[in-house]
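Student: have a look at this fold, sequence not included:
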Ligand SMILES: NC(=O)C1=CN([C@@H]2O[C@H](COP(=O)(O)OP(=O)(O)OC[C@H]3O[C@@H](n4cnc5c(N)ncnc54)[C@H](O)[C@@H]3O)[C@@H](O)[C@H]2O)C=CC1
Ligand SMILES: CC(C)CC(=O)C(=O)O
Ligand SMILES: [Mg+2]
């Protein structure tokens with residue numbers, strides 16, 4: 001079992017280190033770990049945010065554990081050299097088109113949600129976000145018009161094959177949960193979204209047991225805070241899924257809690273190849289202070305064991321240890337507590 005660990009920038013290395021401590025403690029057989037540079041640190045060391053050797057390491061692994069990329073010092077670089085291009089490049093080069101972002105109420109945290117506790121306690125949803133298309137990957141640029149006015153553009157598009165494959169992932173996820181799938185789009189305005197909706201309706205014919213509904217993204221953002229308990233599985237495009245998942249994290253309690261899996265079609269001898277990362281970024285505002293909550297990354301490692309290594313028992317063990325730590329009152333700074341990154345790692349390890 002080969003894991004490529006790409007810790008990246010800011011709090012990436014801090015939270016990834018705690019996830020690795022937890023994986024080490026499980027004493028998994030035949031585990032080999034490789035570490036690679038990615039993001040701003042890779043730009044500094046190799047002149048590119050996703051050096052070829054890092055991409056090769058990721059390709060040759062059975063799974064990737066990813067921290068975060070992003071460094072304010074790199075914000076004025078040409079776009080293709082910015083740290084964020086590394087995660088976009090990994091997702092597209094590795095064919096990781098399906099992003100699973102679960103958001104579930106955690107015991108004892110209802111009072112720490114940005115929502116009222118009786119509303120927050122009902123959250124149990126999965127966002128299935130398309131990850132290889134949309135406005136993130138379309139033609140983009142800036143130009144100065146003849147009258148001197150500056151203009152920027154980013155092309156939004158999906159073809160039907162891209163929508164169909166994420167539809168099937170989402171319908172299958174709904175089959176394995178409560179059988180309700182809500183497709184979120186902006187079909188009242190966008191042609192891309194109208195095609196998205198049409199293809200979702202076509203795909204539904206293969207899943208008679210799943211109840212498909214549609215919601216415009218502006219309403220979805222409102223419903224997510226009004227009554228998040230109404231959602232089972234949400235399927236949406238790259239941009240909308242990015243935004244709604246950060247929003248969902250505060251409905252649960254903190255962005256430091258939400259994990260993710262990015263999956264494609266490639267199978268290894270152990271399971272589905274995937275990249276696992278917290279939904280948050282490099283958090284430059286708290287980097288280096290030892291205050292980041294590593295729970296999202298530790299939970300991402302649990303998702304890795306489940307999806308890429310078929311080790312459901314070990315995944316459940318990690319999730320139970322997180323729940324037990326929270327039950328015991330372990331709270332990071334993001335949750336109004338005083339437990340640092342390593343303290344939280346210690347607390348989870350003690351309950352494995
Ligand atoms: N997948 C990735 O590598 C991602 C990278 N980014 C990059 O990260 C950089 C910072 O972006 P932001 O918009 O500030 O988003 P962010 O998610 O890094 O941080 C947003 C806020 O949440 C807090 N936060 C995030 N993770 C936390 C944790 N584990 N524990 C406690 N607090 C936490 C931060 O301190 C900050 O106040 C940018 O360069 C951005 O492009 C952003 C999102 C995803
Ligand atoms: C940094 C972006 C490319 C991605 C992002 O915000 C995310 O995937 O959550
Ligand atoms: Mg994001």
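Tutor: Thanks, I have the structure now. Because the structure is predicted, anything quoted here is derived from the model rather than measured. Ligands and ions are numbered 1, 2, ... in the order given.
Student: for stretch 121-138, what is the average pLDDT?
Tutor: In this model, stretch 121-138 has an average pLDDT of 98.
Student: what's the span of that stretch from first residue to last?
Tutor: 38 Å (CA to CA, to the nearest Å).
Student: list the buried residues in it.
Tutor: Using 16 or more other CB atoms under 10 Å as the test for burial, stretch 121-138 gives 121-123, 125-137. In short, each C-beta sits where N, CA and C put it, glycine included.
Student: repeat that for stretch 257-270.
Tutor: Across stretch 257-270, burial judged by 16+ other CB under 10 Å covers 257-264, 270.
Student: excluding sequence neighbours, find me the nearest residue to residue 30.
Tutor: Excluding the flanking residues, the one nearest residue 30 by CB to CB, 6 or more residues apart in numbering is residue 1, at 5.4 Å.
Student: and residue 58, how many residues sit next to it?
Tutor: By other CB atoms under 10 Å, 24 other residues sit near residue 58.
Student: is it in contact with residue 91, as I believe?
Tutor: No - checked against CB atoms under 8 Å, the pair residue 58 and residue 91 is beyond contact range at 10.6 Å.
Student: can you check which residues contact both of those two?
Tutor: In terms of CB atoms under 8 Å, 6 or more residues apart in numbering, residue 58 and residue 91 are both contacted by the residues residue 275.
Student: list the contacts of the residue nearest to residue 30.
Tutor: Residues near residue 1 by CB under 8 Å, 6+ apart: 28-32, 62-63, 270, 309.
Student: please list the outside residues in contact with the helix or strand where residue 261 lies.
Tutor: Using DSSP states H and E, residue 261 sits in strand 259-267. Under the contact criterion CB under 8 Å, 6+ apart, strand 259-267 has outside partners 91, 94-102, 131, 169, 245, 272-279, 296-297, 299-300, 302-304, 307.
Student: quick one, which of those residues are buried?
Tutor: Buried among the contacts of strand 259-267 by 16+ other CB under 10 Å: 91, 94, 96-102, 131, 169, 245, 272-279, 296-297, 299-300, 302-304, 307.
Student: I figured residue 195 hits residue 161, correct?
Tutor: No - with contact defined as CB under 8 Å, residue 195 does not count as touching residue 161 (11.1 Å).
Student: count of neighbours near the closest residue in space to residue 111 that isn't next to it in sequence?
Tutor: Leaving out its chain neighbours, the residue that sits closest to residue 111 by CB to CB, 6+ apart is residue 117, at 5.3 Å. Using other CB under 10 Å, residue 117 has 12 other residues around it.
Student: A helix includes residue 197, no?
Tutor: Yes - if the criterion is DSSP: H, G, I helix; E, B strand; the rest coil, then residue 197 is within a helix.
Student: next, the contact list for it, please.
Tutor: Residue 197 makes contacts with 183, 185, 187, 214, as judged by CB under 8 Å, 6+ apart.
Student: can you rerun that using 10 Å?
Tutor: Listed by CB atoms under 10 Å, 6 or more residues apart in numbering, the contact partners of residue 197 are 163, 183-188, 190, 212, 214.
Student: nearest to ligand 2, of those residues?
Tutor: residue 184 (15.8 Å; CB to the nearest ligand atom).
Student: secondary structure element for the residue of the stretch 101-250 of the chain found nearest ligand 1?
Tutor: Residue nearest to ligand 1 within the stretch 101-250 of the chain: residue 246 (7.1 Å; CB to the nearest ligand atom). Residue 246 is part of helix 238-252, with elements assigned from DSSP H and E.
Student: how far is that helix from where the chain is centred?
Tutor: In terms of CA atoms, centre = their mean, to the nearest Å, the centre of helix 238-252 is set 10 Å apart from its chain centre.
Student: can you tell if that helix touches ligand 2?
Tutor: Yes - Helix 238-252 lies within reach of ligand 2 by CB under 6 Å from any ligand atom, at residue 242.
Student: from the contact counts, what lies against that helix?
Tutor: Under the contact definition 3 or more CB pairs under 10 Å, 6 or more residues apart in numbering; DSSP states H and E, helix 238-252 sits against strand 98-104, helix 117-120, strand 124-130, helix 160-175, strand 180-185, helix 217-226, strand 233-236.
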